[in-house]
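> please find the sequence and the predicted model below.
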Amino acid sequence: VPGSIVHNAYGYGLFTGGLGLHYGGEKLGLTVVPVSGGMTERQLMLISDFRPDVISCTPSYALTLAQAFAERGVAPDEISLRFACIGAEPWTEGMRKEIDAGLGIRSTNIYGLTEVIGPGVSNECVEVRAGAHVNEDHFLPEIVDPESGEPLPDGEEGVLVFTTLTKQAMPVLRYWTGDITSLNSEPCECGRTLTRMALIKGRTDDMLIIRGVNVYPTQIETVLNQVPELSPHYRLVVTREGTLDDLEVQTEVAEGAHLSDDLAERVAGLIKNTIGCTARVTLVEPGQAPRSEGGKLARVSDLRQL
């Protein structure tokens, strides 16, 4: 609402997220704190001092901030934040639960892309959070088959394609985003009738093919989130010895978790039974998996080309 304070931790500069959210917030009558990404200590200080209502950042950096607050003994109910506008990288419902609990907020997904507008193509409603409402007065969405390019019906996953309806400087016709998702045209319980798009499952160029099985990082993340002994931080390492690919899942154990001897084997079995992919699971100490420093987090190390 007008008068609210937004802590904008998206990167400024050539990335559309920071400036896009900044001027969008000002247009709505909000006070925007232009923090940009990184420098976590300064982020914590400004949130504590200015007591903003909303934060905008990547989901991986929201987790970084939540952990940093916890390490300093600040409980979620002591943090002023109430809502989060999160996007710029794929995330899962499990990750959303971690963010909501860690910061004491209600987080919503925002979607955009530089070639179309930057942030603001679609956004979840705070009330339901069951898909991001596409602003169809400006953008016509379609889902197409990644191989043939043929349109797919509601509910089926494929590549998201956009046609701009009002853009003048650089209109695009059936622009191939590379993002994998699905559409739902049923009216939302919040009352809005705009088409909704599900959370991005991954990108066509992020997909790993491990011994004939298509694997997206978010699929691995969803499995790891089912194991309470693990933290939400992980890395995927892909190597090739001879003619066969090998996937290693480096997953971080949660602080204070009681670890069983067969935990790694159990997680590998869960990945196999859920995704159909054989992976070697390596448990790493808390703090050893990669963290976001404000930008998009690279979770995959593909060493096959080396």
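That came in fine, so what should we check first? Numbers count the residues shown, from 1 in each chain.
> please compute how far the lengthiest strand in the chain lies from its chain's middle.
For the chain, the strand with the greatest residue count under DSSP state E is strand 230-241. Chain-centre distance of strand 230-241: 17 Å, with C-alpha atoms, centre = their mean, to the nearest Å.
> other SSEs contacting that strand?
helix 93-103, strand 208-210, helix 217-224, strand 244-253, strand 300-302 (3 or more C-beta pairs under 8 Å, 6 or more residues apart in numbering; DSSP states H and E). Every C-beta, even on glycine, is put in place using the N, C-alpha and C of the backbone.
> need the contact partners of the third one.
Spelled out, it's helix 217-224. With C-beta atoms under 8 Å, 6 or more residues apart in numbering as the test, helix 217-224 has contacts from 90-95, 200-202, 206, 208, 230, 232, 234, 236, 249, 251, 267, 270-271, 274-275, 279, 299-300.
> give me that answer again for 7 Å
Contact partners of helix 217-224, identified using C-beta atoms under 7 Å, 6 or more residues apart in numbering, comprise 90, 92, 94-95, 201-202, 206, 230, 234, 236, 249, 251, 270-271, 274-275, 299-300.
> the helices and strands packed on strand 230-241: which one's closest to residue 6?
Residue 6 lies closest to helix 93-103 among the helices and strands packed on strand 230-241, at 14.3 Å (C-beta to C-beta).
> what comes up buried for that closest one?
Neighbour-count burial for helix 93-103 flags 94-96, 98-100, 102-103 (criterion: 16 or more other C-beta atoms under 10 Å).
> next: stretch 40-60.
Quick answer for stretch 40-60 (16+ other C-beta under 10 Å): 40, 43-44, 46-47, 52-60.
> which residues are contacting that stretch?
With C-beta under 7 Å, 6+ apart as the criterion, stretch 40-60 contacts 4-10, 21, 33, 35, 64-65, 68-69, 79-86, 88-89, 91, 95, 99, 292, 295-297.
> just those: which are in helices?
Using DSSP state H, the subset of these located in helices is 21, 64-65, 68-69, 95, 99.
> just among these, which is most surrounded?
Most neighbours among the ones in helices among the contacts of stretch 40-60, by other C-beta atoms under 10 Å: residue 21, with 28 neighbours.
> contacts for stretch 260-269, please.
Against stretch 260-269 from outside (C-beta under 7 Å, 6+ apart): 227, 229, 251, 279-283.
> one more time with 10 Å
220, 223-224, 226-227, 229-230, 249, 251, 253, 257, 277-283 (C-beta atoms under 10 Å, 6 or more residues apart in numbering).
> next, the buried residues of it.
263-264, 267-268.
> for stretch 286-300, same thing?
289, 291-292, 294-297, 299.
> residues contacting residue 234?
217, 220-221, 224-225, 249-252, 281-282, 284, 289-290, 299.
> tell me which residues of the lowest-mean-pLDDT helix or strand in the chain come out buried.
For the chain, counting by mean pLDDT, DSSP states H and E, strand 208-210 ranks last in confidence among helices and strands (a mean of 79). Buried residues in strand 208-210, counted by 16+ other C-beta under 10 Å: 208, 210.
> list the neighbouring strands of it plus their orientation.
strand 213-215 (antiparallel) (DSSP bridges).
> which residues sit against the partner strand?
With C-beta under 10 Å, 6+ apart, strand 213-215 has contacts from 202, 206-209, 236, 238, 245, 247, 271-272, 275-279, 300.
> now stretch 17-27
So stretch 17-27 is contacted by 4-6, 8-13, 30-37, 54, 56-58, 85, 87-88, 110, 112, 114, 117-120, 294-296 (C-beta under 10 Å, 6+ apart).
> can you tell me which of those end up in strands?
5-6, 8, 31-34, 54, 56-57, 85, 87, 110, 112, 118-120.
> what secondary structure does residue 162 sit in?
Judged by DSSP: H, G, I helix; E, B strand; the rest coil, the three-state class of residue 162 is strand.
> can you pull the contacts of it?
Here residue 162 is in contact with 113, 115-117, 121-122, 134, 138-142, 172-177, 179 (C-beta under 10 Å, 6+ apart).
> what's the burial count for the residue lying closest to residue 131 once chain neighbours are set aside?
In this structure, residue 131 finds its nearest non-sequential neighbour in residue 196, 2.9 Å apart by C-beta to C-beta, 6 or more residues apart in numbering. Residues within reach of residue 196, counting by other C-beta under 10 Å, total 24.
> thanks a lot, see you next time.
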